[in-house]
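Chemist: Need coordinates for the below:
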Amino acid sequence: MRSSWFNKLSIKFGPRPPVSWLILCLISLLALIAVLGSSSSNVVDSTSHIPVSLIYTNYRRIKEQAAVDYLELSSVSLGVTRQRELGLCGKERENFVPCYNVSANLLAGFKDGEEFDRHCELSREAQRCLVRPPKDYKIPLRWPTGRDVIWSGNVKISKDQFLSSGSMTKRLMLLEENQIAFHSDDGLIFDGVKDYSRQLAEMLGLGSDSEFAQSGVRTILDINCGFGSFGAHLASLKLMAVCIAAYEATGSQVQLALERGLPAMIGNFITRQLPYPSLSYDMVHCAKCGVIWGEKDGLNLIEIDRVLKPGGYFVLTSPTSIPQGSSSREKKIDVLTPIQELAHKLCWNLLAQQDETFLWQKTADIDCHSSRNHAGIPPCKEGNDAGSYYQPLLPCISGRSSKRWIPVQKRSSGFEQTSSELEIHGKYFQPEDFYEDAQVWRSALRNYWSLLTPLIFSDHPKRPGDEDPLPPFNMIRNVMDMNANYGGLNAALLEEKKSAWVMNVVPARTSNTLPLILYRGFAGVLHDWCEPFPTYPRTYDMLHANGLLSHLSSERCSMIDLFLEMDRVLRPEGWVILSDKLGAIEMARTIATQVRWDARVIDLQNGNDQRLLVCQKPFVKK
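Modeler: Residues are numbered from 1 along each chain as shown. Prediction:
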């Protein structure tokens, strides 16, 4: 559906207007924006009583309208000849993850571990194609069954890797030839994860691990999580554990965890900060995670301190010494002493130790750091506490000047926020905006679910090469909210008791609401959508974005590259819901056709030009 203005353009110039006219129109549009911008500055000078928030809102509306106009012009210039479907990538790209290319990184001069890091500036791919699923790929089993049993053909890991992995075989079994089964919470304990969890609870002085929330623990960052056994157990306790692990070409921990329906993303401690703001997590967990915390002058442990909330906990399960050297001259290196020295400088207290498990607590006393200035770790400069998007690791203590310096034990237990808690995060919004947003998403989710349910649970064509599947044919275990704002969709899902978790993504160049999202106990991350997302293919069941297309067009990101990336991370038969203005949605529908999605535009009948684009990715095998 097009606007009347758009129809007039089509009548006058035909389906493909001259390029010179489009250039002239774009120049005129930019000139208009410049005039409006200069006039708005004059208004500010002459009427100083106008609230700054109103001026900001007006400017934002002008920018958004310009973005939509740009999208409409782009859709005109595309023409019908460019709407052909994109081809499929080769077999070598079945598990393709952009930005991680060790060979290219080495050629570019990266070394000392940086070659294994994320370098999107080197991965501008000329080839535009759709990442196909492996030959043996199957739609995941319904959750929570799919948390304990996955199809081995869906992950790039072989039977030989299992058999040669030592302790790995204690955590899983191969069933027949095409499934991997993990232990169930209701079955036998193969790897002692329940005993381990109870042990941590005892070290915190709790009666059982079901009381973790009473000690302030709701969100956990699990470093190099293995097969996600600990995170799966924490999920059964209603706790949010996010796994981060380095990129691995095969046997990936992140891919395996996401295939099980557990929160995970690629991340490491090589040279850059994690894409989280300071004071993000209640607990950071490392069980034989392979990170040498005493190296690089303790920068890795300082990064743990940055993302850890006041009063939060660092759990380390590791041998106190590791062997080094040849077998004939092997000697033991003490790994614990450097950590203990750094922990003292960071004002951490060793609460408990049992066997090879150590539990430190970060101080909630800001003055503690001042009393230990002689330790040599200075406070970070003002402005470093707001957020982090792959900035270099810093040898300083973050968060001391933040209003969010609140001990984890003193926060409210639910995801709803009081007015006083909202004021802490109120740099970009007012509490009434937050409550209004929550109400909007309660209503929107009901509309989404009523819209999707007939589609998800209706008769479905037989999948290629499969027997007739049993109902329900589709399910949603996880959702990526690509422009999460305050996390309203996540909260609405919890209120409706939907069994799906949300990865709340805050675009890097928007108002940074991620501290509020994490404070509510949700999973979230900063990300620049002009770049690929750090995950493996086919790892999300649904992608959702409200207003993202208009925002990205103002950033001049490539829309076709964005949709290719969405297709890469979306599993076959997964869903996409885009909410935006009419011009952006029409443009999106054109590109959705190119990436072979089934798409339809829905008019919300609310009297404005807001539209929904609902798409489903087909199961393509060739």
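
Chemist: from what I can see residue 401 touches residue 382, true?
Modeler: Yes: in this structure residue 401 lies within contact range of residue 382 using C-beta atoms under 8 Å: 6.1 Å. Heads up, the C-betas are built off the backbone N, CA and C, glycines and all.

Chemist: higher neighbour count, the two?
Modeler: Legend: neighbour count by other C-beta atoms under 10 Å for residue 401 and residue 382, higher for residue 401 (15 against 8).

Chemist: State the helix or strand in which the more buried one lies.
Modeler: Using DSSP states H and E, no element contains residue 401; it sits outside every helix and strand.

Chemist: Quick check: it vs residue 409, distance?
Modeler: Taken as C-beta to C-beta, to the nearest Å, the spacing of residue 401 relative to residue 409 amounts to 21 Å.

Chemist: How about residue 421?
Modeler: Distance of residue 421 to residue 409, computed by C-beta to C-beta: 15 Å.

Chemist: Residue 395 too?
Modeler: Distance of residue 395 to residue 409, computed by C-beta to C-beta: 29 Å.

Chemist: quick one: the strands in the stretch 301-450 of the chain?
Modeler: With DSSP state E, counting those that start in this stretch, the ranges of strands along the stretch 301-450 of the chain come out as 308-317, 321-324, 331-334, 348-354, 357-362.

Chemist: Figure out how far the longest one is from the centre of its chain.
Modeler: Translated: strand 308-317. 22 Å (C-alpha atoms, centre = their mean, to the nearest Å).

Chemist: between it and strand 357-362, how many degrees?
Modeler: Between the axes of strand 308-317 and strand 357-362, defined by axes from the mean of the first three to the mean of the last three C-alpha atoms, to 10 degrees, the angle is 170 degrees.

Chemist: which parts of strand 308-317 are buried?
Modeler: Of all the residues in strand 308-317, those buried under the rule 16 or more other C-beta atoms under 10 Å are 308-317.

Chemist: elements contacting that strand?
Modeler: Secondary-structure packing of strand 308-317 (3 or more C-beta pairs under 8 Å, 6 or more residues apart in numbering; DSSP states H and E): strand 281-287, strand 357-362.

Chemist: Please state the offset of the longest one from the chain centre?
Modeler: On the basis of C-alpha atoms, centre = their mean, strand 281-287 sits 18 Å off its chain's mean C-alpha point.

Chemist: partners of it in the sheet?
Modeler: Take DSSP bridges as the rule and strand 281-287 pairs in its sheet with strand 219-223 (parallel), strand 308-317 (parallel).

Chemist: With distance to residue 604 as added columns, please give those in TSV.
Modeler: As requested, those are arranged in TSV below (distance: least, C-beta to C-beta, whole Å):
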stretch	distance to residue 604
strand 219-223	34
strand 308-317	39
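
Chemist: Adding distance to residue 290 and mean pLDDT, write the ones you listed out as JSON lines.
Modeler: Formatted as JSON lines, the entries for those read as follows, by distance: least, C-beta to C-beta, whole Å; pLDDT from 0 to 100:
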{"stretch": "strand 219-223", "distance to residue 290": "9", "mean pLDDT": "96"}
{"stretch": "strand 308-317", "distance to residue 290": "12", "mean pLDDT": "95"}
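
Chemist: quick one: which of those is nearest residue 98?
Modeler: Across the strands paired with strand 281-287, the minimum distance to residue 98, taken as C-beta to C-beta, is reached by strand 219-223, at 22.9 Å.

Chemist: Export only the CA atoms of the closest one, formatted as PDB.
Modeler: Output for strand 219-223, consisting of C-alpha atoms alone and laid out as PDB, is shown next (Å, rounded to 0.1, in the frame of the first residue of the first chain):
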ATOM      1  CA  THR A 219      21.600 -12.400  36.400                       C
ATOM      2  CA  ILE A 220      24.700 -14.400  35.800                       C
ATOM      3  CA  LEU A 221      27.400 -14.100  33.200                       C
ATOM      4  CA  ASP A 222      28.800 -17.600  32.600                       C
ATOM      5  CA  ILE A 223      32.200 -17.500  30.900                       C
END
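
Chemist: Check the offset of that strand from the chain's centre.
Modeler: Going by C-alpha atoms, centre = their mean, the spacing between the C-alpha centre of strand 219-223 and its chain's C-alpha centre is 14 Å.

Chemist: Please name every helix or strand in contact with the helix or strand just after it.
Modeler: Next in sequence after strand 219-223, counting helices and strands by DSSP H and E, comes helix 229-236. Judged by 3+ C-beta pairs under 8 Å, 6+ apart, the packing partners of helix 229-236 are helix 145-148, helix 193-203, strand 219-223, strand 240-245.

Chemist: Helix 229-236 to strand 240-245, inter-axis angle?
Modeler: Our comparison of helix 229-236 with strand 240-245, counting by the same axes, to 10 degrees, yields an angle of 160 degrees.

Chemist: What are the contacting residues of helix 229-236?
Modeler: Under the criterion C-beta atoms under 8 Å, 6 or more residues apart in numbering, residues 147-148, 171, 182-183, 185, 191, 193-194, 196-197, 212, 220, 222, 225, 240-243, 257, 260, 262-264, 285, 287, 501 lie in contact with helix 229-236.

Chemist: low-confidence ranges in the stretch 451-600 of the chain?
Modeler: Along the stretch 451-600 of the chain, the model assigns pLDDT under 70 to residues 454-474.

Chemist: which residues in it form strands?
Modeler: The residue ranges that make up the strands of the stretch 451-600 of the chain, judged by DSSP E, counting those that start in this stretch, are 478-481, 501-507, 523-527, 540-546, 570-581, 598-603.

Chemist: which of those strands is buried the deepest?
Modeler: Mean neighbour counts were compared across the strands of the stretch 451-600 of the chain using mean count of other C-beta atoms under 10 Å; the top stretch is strand 501-507, at a mean of 25.
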